[in-house]
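>>> Pasting a predicted model and its sequence here:
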Amino acid sequence: MIPYLMSISAAFAELADDLRFVFIEKDRYQQIITGFFNTLKITAGALLVGVIIGIFIAAVRTSFDKNKESMKLRGGPGYVLLGILNAVCKVYLTVIRGTPVVVQLMIAYFVIFAASDNGVLVGIFAFGINSGAYVAEIFRAGIMSVENGQFEAGRSLGFSYLQTMRYIIVPQMFKAVLPTLCNEFIALLKETSVAGYVGVIDLTKAGNVIAGRTFNYFIPLFAVAIIYLCMVMLLSWGVSRLERRLRKSDR
C-alpha cells in the first residue's frame, strides 16, 4: 500500500514539474491568456457580423419568397430591386457555404486585406462573413416555418410588413431557431481555432507555440482542449437557461 501511495505521489510531483516547466518558466502561460482573449474577440466580433448579415439576407429572401407573386403583378422598380438583391444573396450563400473557411480566411488576410497586419480584425471579418451565410439560412428557415396566418393577423391589425415581422414573426422565429443558432455559435467558436493560419495567436496557436518550444505536446494541447470544452459547456448552459425562461413566458 505504501509503495503504491509513493508512486502516486511521485507521479503528481512529476506532473507539477512538467506544468511548471511548460507554463510558468519564461511566462509561457501569457501565450494562453493572449490566445484566450483573441479567441473571444474573434468569436464575439464574428458573431455580431454574422447576425447582422444573417438578418439582412433572411429578410431579403423571405420578403421575396412571400411577396413574389403580388409584387410581380404590380411590377415596378421595387420588384426588380428585390429580385436583384435576392439573386446576390443566393450567390453569396452558394460561394460562402461551398468553400472552406480556412481558404476564405487566407483570401481575406493575404488578398483583400494584404496591407493590414491586424489579424484579429481580419479574422472577425472572415469568420463573420462565413457565419453570416449559415445564420441567414437558420433565420430564413425559422421565418418560413411561421404560419402565414400570423402574417395575415398582423396585417389585419394595421401593422405594416416590417412591424409584423418585428412584433409577431421574429419573436416566434427566435424561439424556434434558438437550439440551431446555439449550435452555430458553438461551431463558430471552434472554427476560430484555424485563425493561426494567418499569424493570429488564438488559443490553439498559443498551445501549439508552447508545445513547439517545450517539446511537450500533451500538456499544452490538453489544456487548450479543456478551455474550449469549458467555454462550450458554459455557452450551452446559458442557452438552456434562456430556453427555459422562454418556455415559462409561453405559459
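That came through, no problem. Residues are numbered from 1 along each chain as shown.
>>> domains for the protein, by residue range?
40-199, 201-251 (automatic domain parsing).
>>> between those domains, which one is nearest to residue 13?
Closest of the domains of the chain to residue 13 is domain 201-251, at 14.9 Å (criterion: C-beta to C-beta). C-beta: built from backbone N, CA, C; applies to glycine.
>>> where are the low-confidence patches of the stretch 1-150 of the chain?
The model of the stretch 1-150 of the chain has pLDDT under 70 over residues 1-8, 11-12, 70-73, 75.
>>> Let me see the ranges of the helices in it.
2-19, 29-74, 77-97, 101-107, 119-145, 148-156 (DSSP state H, counting those that start in this stretch).
>>> Residue 229 is nearest to which of the ones you listed?
helix 29-74 (13.3 Å).
>>> list the helices and strands the closest one packs on?
helix 77-97, helix 119-145, helix 170-191, helix 203-214, helix 218-249 (3 or more C-beta pairs under 8 Å, 6 or more residues apart in numbering; DSSP states H and E).
>>> Switch those helices over to TSV; also include distance to residue 53 and mean neighbour count.
Conversion of those to TSV gives the following (distance: least, C-beta to C-beta, whole Å; neighbours: other C-beta atoms under 10 Å):
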stretch	distance to residue 53	mean neighbour count
helix 77-97	9	14
helix 119-145	3	22
helix 170-191	13	17
helix 203-214	25	21
helix 218-249	21	14
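>>> could the ones you listed go into JSON lines alongside distance to residue 22?
Shown next, in JSON lines, are the helices and strands packed on helix 29-74 (distance: least, C-beta to C-beta, whole Å):
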{"stretch": "helix 77-97", "distance to residue 22": "38"}
{"stretch": "helix 119-145", "distance to residue 22": "25"}
{"stretch": "helix 170-191", "distance to residue 22": "23"}
{"stretch": "helix 203-214", "distance to residue 22": "5"}
{"stretch": "helix 218-249", "distance to residue 22": "5"}
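>>> can you tell me which of those comes nearest to residue 49?
helix 119-145 (2.7 Å).
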